[in-house]
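>>> Just to be clear, the model below is a prediction. Sequence and coordinates:
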Amino acid sequence: QLVESGGGSVEAGGSLRLSCAAAGDTSSYCWGWFRQPPGEERDMVAMLNNPGGAISVSDSVQGRFTATHDAAANTLYLQMTDLKPEDTAVYYCGLRPSWAGCTPHPAGYHSWGQGTQVTVLT
C-alpha cells in the first residue's frame, strides 16, 4: 500500500516535495510517480527501476523535477522546482512488478495511493 503526501498550493516558480511511503517490500517492483490533470489521462513523471535502482524522469519535467529513494524509510520522493501552472494535477504513485517491465504507461500498475493535489497558481 502506498500513501502520497506533500501536495498543496504554490505560486508559479515555487517548489514542493512529495512523498510516497510504502508498506512492504518494494525491491522487486517498478515504482512510479504519475500525475493526472483535470480531464486528462494519467502520465508518468518519474520512475524507480528495479532491480538496479536507476531513476528516470519524463522529458516534460526534466531539469525541474528530481526523484529520490530512501530505502531505509521505504519512501520515494519527488522534488519539484520552478513549478508551472501546467504542473497542476493530482499526483499518484504506483507499483508494477519488475518482471512485467518498468514501462511509463500507468496500465499494469497497482497499489495506487489516494493521490495528493498540487495546484500551481499564476
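Now that the structure is in, tell me what you want to look at. Numbers count the residues shown, from 1 in each chain.
>>> From Tyr77, how far off is Gly101?
Distance, Gly101 to Tyr77, by C-beta to C-beta, to the nearest Å: 24 Å. C-beta here means a position set from N, CA and C on the backbone, and glycine is covered the same way.
>>> scratch that, Thr116
Using C-beta to C-beta, one obtains 12 Å as the distance from Thr116 to Tyr77.
>>> Ala100 too?
Spatial separation of Ala100 from Tyr77 under the definition C-beta to C-beta is 24 Å.
>>> Between these two, point out the one with more neighbours.
Legend: neighbour count by other C-beta atoms under 10 Å for Ala100 and Tyr77, higher for Tyr77 (19 against 11).
>>> Let me know whether that one touches Ser19 as I believe.
Yes. Taking C-beta atoms under 8 Å as the definition, Tyr77 is a contact partner of Ser19 at 5.6 Å.
>>> Give the residues shared as contacts by Thr116 and Tyr77.
Leu18 (C-beta atoms under 8 Å, 6 or more residues apart in numbering).
>>> what residue lies at the spatial centre of this structure?
Against the mean C-alpha coordinate of the chain, by C-alpha atoms, centre = their mean, the closest residue is Trp33 at 1.8 Å.
>>> Isn't that one up against Cys93?
Yes. Look at Trp33 against Cys93 with C-beta under 8 Å: they come within range, at 5.4 Å.
>>> Could you tell me which residues touch both of these two?
Listed as contacting both Trp33 and Cys93 by C-beta under 8 Å, 6+ apart are Cys20, Leu76.
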